[in-house]
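Peer 1: Need coordinates for the following:
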Amino acid sequence: MTTPRTSPTGTSPTETSPTETSPPGAAEGRLESDYYRFMNFDSAANKEGRRHYLQFFDRGPVLELACGRGEFLALLGEAGLDGYGVDSDEGMVSHGTGQGVRVVLGDALDHLAEQPAASLGGVFCAHFLEHLPAPQVDQVYAETGRVLVPGGTFVAAVPNAACLSVLGYDFWRDPTHVRFYDPLVLSFFADRAGLETIESGGNPNNHAGPPPHLYPPELSDYPMIAEQLGKVITRAQRLYPAPRRRPHRRVGSRAKINRAEGNGAALSRHELWVQLEHLIAMLDRQLQVNQHQFGEMRAAYLRLLGQLYPANEVYLVARKPIPEEDHAEVPDADTPDTDGPDADGPAGQ
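Peer 2: Numbering: from 1, shown residues only. Prediction:
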């Protein structure tokens with residue numbers, strides 16, 4: 001019962017073929033596989049998404065609950081780990097066995113309860129718990145704590161309710177979903193089952209990010225204009241210089257008036273250039289301030305997008321504690337037993 005990402009083209013070479021669709025009125029044993037076929041979910045993309053969880057398993061056998069089409073089981077096989085899955089959907093089981101992985105048909109919780117105590121090295125489930133009410137999730141953790149060997153690992157991946165696209169749309173597309181479970185709630189169930197929380201977080205392999213049209217455009221770096229405009233003003237002053245002041249000499253009253261008017265015009269033109277240069281400098285400073293503020297707003301908006309669109313999938317890694325007495329060092333199988341019979345003959349000789 002997994003919900004993988006879709007491919008960009010909406011197709012997959014390993015999809016269930018249309019001929020495998022259950023006829024109207026058939027039993028509900030193929031509901032999930034029929035839904036996968038209808039939605040054209042991409043098996044290859046799902047496998048890459050599950051690859052992130054492979055690192056948490058170092059021993060077998062590993063049981064995958066509600067294994068779907070068996071993509072994670074294929075990863076376990078590639079890593080040389082023994083694993084098998086259980087799923088209640090006949091179409092999923094048929095697809096998984098057709099891909100060469102070991103899958104049994106049955107109810108995941110019933111199958112888990114049937115396993116002997118301390119018989120599994122790991123348990124994995126992805127997009128299974130959200131199909132169950134809380135009491136059954138509690139039972140999954142309790143049974144998992146029972147069947148794991150000391151040091152065994154349980155990894156559970158669920159849809160991320162903190163992601164806007166998952167919360168507002170993706171989660172509710174699946175008609176079999178019941179409710180969200182976040183890592184904190186899963187950690188609570190793990191604690192009740194006697195398991196230790198090792199790690200939790202978002203799956204980086206299942207992080208589509210915000211829709212592309214929500215990204216803001218890049219801001220251009222505008223050079224400071226004061227220096228450039230200062231050069232323009234200098235050139236303008238050379239083209240239209242102020243009249244030069246003539247040397248003082250005794251002249252008539254009319255000449256004095258003309259000279260004063262010329263000096264006044266020169267002073268007014270000079271003041272005009274100074275004022276214009278000051279105004280341009282002010283505009284330049286304001287432009288730089290606005291550009292910085294726009295940059296801060298863009299960075300804040302990108303942070304907001306990151307908060308609204310984190311990874312689509314979150315997970316919790318829990319481990320069964322190893323009893324204190326089991327922490328004692330066990331002699332290596334290749335180390336000679338110094339307390340046993342002597343190599344040259346029976347003990348005591």
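Peer 1: Could you use CA atoms for every contact and neighbour count after this?
Peer 2: Noted.
Peer 1: hang on, L219 packs against G295?
Peer 2: Yes - applying CA atoms under 8 Å, one finds L219 in contact with G295, separated by 7.1 Å.
Peer 1: Between the two, tell me which one has more neighbours.
Peer 2: Counted by other CA atoms under 10 Å, L219 and G295 do not tie: G295 has more neighbours, with 15 against 10.
Peer 1: tell me which residues in stretch 63-77 are buried?
Peer 2: 63-76 (16 or more other CA atoms under 10 Å).
Peer 1: Okay, helices next: where are they in this protein?
Peer 2: Taking DSSP state H as the test, the helices found in the chain are 31-39, 43-50, 71-78, 90-98, 108-114, 134-147, 164-165, 171-173, 183-192, 225-239, 253-308.
Peer 1: In contact with A190: list those residues for me.
Peer 2: By CA atoms under 8 Å, 6 or more residues apart in numbering, A190 lies in contact with Y141, A142, E196, T197, A318.
Peer 1: ok, the last one - contacts?
Peer 2: Applying CA under 8 Å, 6+ apart to A318 gives the contacts T153, F154, V155, S187, A190, L195, E196, T197, I198, E199.
Peer 1: Apply the buried test to those residues and list what passes.
Peer 2: Burial by neighbour count, 16+ other CA under 10 Å: within the contacts of A318 this picks out T153, F154, V155, S187, A190, L195, E196, T197.
Peer 1: Now go through those and say which are in strands.
Peer 2: If you go by DSSP state E, these have T153, F154, V155, E196, T197 in strands.
Peer 1: do you know how far the first one is from R59?
Peer 2: In this view, T153 and R59 are 9 Å apart by CA to CA, to the nearest Å.
Peer 1: how near is the closest residue to L195 other than its chain neighbours to Y53?
Peer 2: Among residues not flanking L195 along the chain, K320 sits closest, at 4.9 Å (CA to CA, 6 or more residues apart in numbering). Distance, K320 to Y53, using CA to CA: 17 Å.
Peer 1: Looking at the two now, which is surrounded by more residues?
Peer 2: Taking other CA under 10 Å, K320 and Y53 do not tie; K320 has more neighbours (25 against 20).
Peer 1: Please name the spatially closest residue to the residue most central in space within the chain (chain neighbours excluded).
Peer 2: With distances taken as CA atoms, centre = their mean, the residue of the chain nearest its centroid is A311 (3.0 Å). Here the nearest residue to A311 in space, its sequence neighbours aside, is H207; by CA to CA, 6+ apart that works out to 4.1 Å.
Peer 1: G106 now?
Peer 2: According to CA to CA, 6+ apart, the nearest residue to G106 is S88 (4.7 Å).
Peer 1: The one you found: neighbouring residues, count only.
Peer 2: 22.
Peer 1: quick one: contacts for it?
Peer 2: G29, A66, L105, G106, D107, A108.
Peer 1: Closest one to P159 out of those, please.
Peer 2: Set against P159, the nearest of the contacts of S88 by CA to CA is A66 (15.1 Å).
Peer 1: one step back: the helices of the chain: which one's closest to G122?
Peer 2: helix 134-147 (8.8 Å).
Peer 1: CA atoms only for the closest one - export them in CSV, please.
Peer 2: Taking Å, rounded to 0.1, in the frame of the first residue of the first chain, the C-alpha atoms of helix 134-147 are listed here in CSV:
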residue,chain,number,x,y,z
ALA,A,134,-4.4,4.6,15.7
PRO,A,135,-5.1,1.4,17.7
GLN,A,136,-3.9,-0.7,14.8
VAL,A,137,-0.8,1.4,14.4
ASP,A,138,-0.1,0.8,18.1
GLN,A,139,-0.5,-2.9,17.5
VAL,A,140,1.9,-2.8,14.5
TYR,A,141,4.6,-1.3,16.8
ALA,A,142,3.9,-3.7,19.6
GLU,A,143,4.1,-6.8,17.4
THR,A,144,7.2,-5.4,15.6
GLY,A,145,8.9,-4.9,19.0
ARG,A,146,8.1,-8.6,19.8
VAL,A,147,9.4,-10.1,16.5
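Peer 1: And it, how far out from the chain middle?
Peer 2: The chain centre lies 27 Å from the centre of helix 134-147; the measure is CA atoms, centre = their mean, to the nearest Å.
Peer 1: can you list the ones in strands among the buried ones among the contacts of A318 in a markdown table and add pLDDT?
Peer 2: Listed next are those as a markdown table, based on pLDDT from 0 to 100:
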| residue | pLDDT |
| --- | --- |
| T153 | 98 |
| F154 | 98 |
| V155 | 98 |
| E196 | 98 |
| T197 | 98 |
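Peer 1: Identify, from the residues you listed, the entry nearest to G49.
Peer 2: For these, the nearest to G49 is V155 (14.0 Å; CA to CA).
Peer 1: Hmm, V314 and that closest one touching each other?
Peer 2: No - between V155 and V314 there is no contact under CA under 8 Å: 10.6 Å.
Peer 1: where does the chain dip in pLDDT?
Peer 2: 1-28, 222-227, 229, 237, 240-267, 269-270, 326-349 (pLDDT under 70).
Peer 1: Try it again at 90.
Peer 2: 1-47, 99, 168-170, 173-176, 206-295, 301, 305, 307, 309, 324-349 (pLDDT under 90).
Peer 1: domains of it?
Peer 2: 18-210+310-323, 225-307 (automatic domain parsing).
Peer 1: and among those, the most buried is which?
Peer 2: Stretch with highest mean neighbour count among those: domain 18-210+310-323 (a mean of 19; mean count of other CA atoms under 10 Å).
Peer 1: gap between that domain and the chain center?
Peer 2: That offset, for domain 18-210+310-323, works out to 18 Å (CA atoms, centre = their mean).
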